[in-house]
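J.: Model the following, please.
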Amino acid sequence: MEQSKPLFSNRKLFQLLWPLLTEQFLNVLVGMVDVVMVASIGETAVSGVSLVDALNMLMIQFLGALTAGGTVVCSQYIGMKNMKKASQTAGQLFLITIGGAVAIVIGFLAGGEHLLRLIFGAVEADVMKNAYLYFVITTFSFPFLALYNSSAALFRAKGNSRISMKVSLLLNGMNVVGNAFCIYVLKMGVAGVAVPTLVSRMTAAVLLFLLLQRKDNEIRVKEITDLRPQGSMIRSILGIGIPGGIESGMFQFGKLMLQSLVSTLGTASIAGYAVAGNLVTFLYLPGNSLGLGLTTVVGQCVGAGEAEQAKDYTKKFVLLNYAFLAVLATGLALGRYYWIGFYNLSPDAVYMASGLVLSHSIMMIIWPLGFLIPHAFRAANDVRFTMIVSITCMWLFRVALAYVFVKLFNLSIFYVWYAMYIDWVFRVIAYLWRLRGFTERIRGLKLR
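T.: The predicted structure follows:
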């Protein structure tokens, strides 16, 4: 049997991946710079912003799941060479994500400070004051984030990740400059971080949408009727997006529960946990970037009926993730005190942050198997399994064990992440088992 020509050459993979890596790096770097700037205001500001960022991530993960559904559907149509259907995906994706974002904004604002107190409990008054101000301002950016993410997802679906990278350069540049000006010059405090976030997201969303709408771009909203609900298309997107959204939502809600647990351990623990969490996001950078690329690659392989290529590319991406981690995890572990020194923490917070960073850097040896492989499953419409595994491991191991360790046995903040590592181990076991029948499931798919 003649072997099929690879859908993605090494050159094509490089052209897809390097902008994604660059964009993710910028996002992580700017996030770190933001925390450093906030740290100059004080530990109560760092604590307040970190609490709300955990809640905001719930929204960001939800939007990410919906846009991933759009990416998969669009990529599969491209693999089938049905460009008309691929283009129609655009309008339906905007309809779903922006509508969902507006509904959540209304819910968040209606909940107000009561929502924050319900989630985070009785934190210090100054921490809550900073958290509420940051919460209100950043909430208004969600519809624009939906517009930006949806536009970027459609560009990625056809293998063009450079456009969103260039717009991300503008977004992050505006954010950093705006933060510096508002914090150090205007002395706006926590609002000096929130307002530039809102303005930069608005600007980037409008710009990327206008670039998507260029006449030479085949995948775009071509007429107003494309925004009219199309039942079959919406079901296809939500069939992938909703399980992914439930998975992401429950995962992030679990992290909020852990954030609430950490908030009971004092300001030093909150600050140390926040800084460690900020630093280790740098280790997720390659995996998150490769995951976005893998969704496009496997999605097109599935549409083209190339099951073996889908599995081969999945293995290739996992190995590439390990190559990046060998450098990043080692560098972060060895230089952890240097990096933590940028955050102006108390000695107790430094001790906590350094211990968390070290253990996390070591345990990243298993992370790709538990968090990169599921992107391939979702691109092949295998979303229910990943949802069940993710929710079960999150709540049974990471959340429940963390509360047992801290509340029942009065153990330190380190055990919050020890529970997380146990979660990772069980994910890896489940996903490696599922990978065995990956090609057979792809061959059995009936795409519309």
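
J.: how many neighbours does Leu345 have?
T.: 22 (other C-beta atoms under 10 Å). Every residue, glycine included, has its C-beta placed from N, CA and C.

J.: quick one: it from Leu279, how far?
T.: 12 Å (C-beta to C-beta, to the nearest Å).

J.: anything in contact with each of these two?
T.: Residues touching both Leu345 and Leu279 by C-beta atoms under 8 Å, 6 or more residues apart in numbering: Ala353.

J.: Please export the C-alpha coordinates of stretch 189-204 as CSV.
T.: Taking Å, rounded to 0.1, in the frame of the first residue of the first chain, the C-alpha atoms of stretch 189-204 are listed here in CSV:
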residue,chain,number,x,y,z
GLY,A,189,-2.7,51.3,42.0
VAL,A,190,-4.5,48.1,41.0
ALA,A,191,-6.6,50.0,38.4
GLY,A,192,-3.3,50.8,36.7
VAL,A,193,-3.1,47.1,35.8
ALA,A,194,-6.7,46.5,34.9
VAL,A,195,-7.4,49.5,32.6
PRO,A,196,-4.5,48.8,30.2
THR,A,197,-5.7,45.2,30.0
LEU,A,198,-9.2,46.3,29.0
VAL,A,199,-7.9,48.9,26.4
SER,A,200,-5.3,46.5,24.9
ARG,A,201,-7.9,43.7,24.5
MET,A,202,-10.4,46.0,22.9
THR,A,203,-7.8,47.3,20.4
ALA,A,204,-6.4,43.8,19.5
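
J.: which regions of the stretch 51-200 of the chain lie under the pLDDT threshold?
T.: Scanning the stretch 51-200 of the chain with the threshold set as pLDDT under 70 gives 122.

J.: Show the contacting residues for Ser161.
T.: Residues near Ser161 by C-beta under 8 Å, 6+ apart: 15-17, 19-20, 23, 155, 292-293.

J.: and with 6 Å instead?
T.: Going by C-beta atoms under 6 Å, 6 or more residues apart in numbering, Ser161 touches 16, 19-20.

J.: again, but for Thr22
T.: Met165.

J.: tell me which element it is part of?
T.: helix 10-39 (DSSP states H and E).

J.: For Leu292, see how far away His375 is.
T.: Relative to Leu292, His375 is positioned 8 Å away (C-beta to C-beta).

J.: Most neighbours of all the contacts of Ser161, which one?
T.: For those, neighbours tallied by other C-beta under 10 Å; top is Leu20, 25 neighbours.

J.: ok, the closest residue to that residue other than its chain neighbours - how many residues close by?
T.: With C-beta to C-beta, 6 or more residues apart in numbering as the criterion, Leu20 has its nearest non-adjacent residue at 4.1 Å, and that residue is Ser289. Counted by other C-beta under 10 Å, the residues lying close to Ser289 total 26.

J.: Please apply the same query to Lys129.
T.: Per other C-beta under 10 Å, the neighbour tally for Lys129 reads 16.

J.: before we move on, back to that, nearest to Ser232 among the contacts of Ser161?
T.: Taking C-beta to C-beta as the measure, Ser232 lies nearest Leu16 of the contacts of Ser161, at 28.5 Å.

J.: dump the residue contacts of that closest one.
T.: 159, 161, 293.

J.: cool, and Val46?
T.: For Val46, the contact set (C-beta under 6 Å, 6+ apart) comprises 38-39, 271, 274.

J.: I'd like the residues you listed written out as CSV, with neighbour count added.
T.: Shown next, in CSV, are these (neighbours: other C-beta atoms under 10 Å):
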residue, neighbour count
Val38, 27
Ala39, 20
Ala271, 28
Ala274, 28
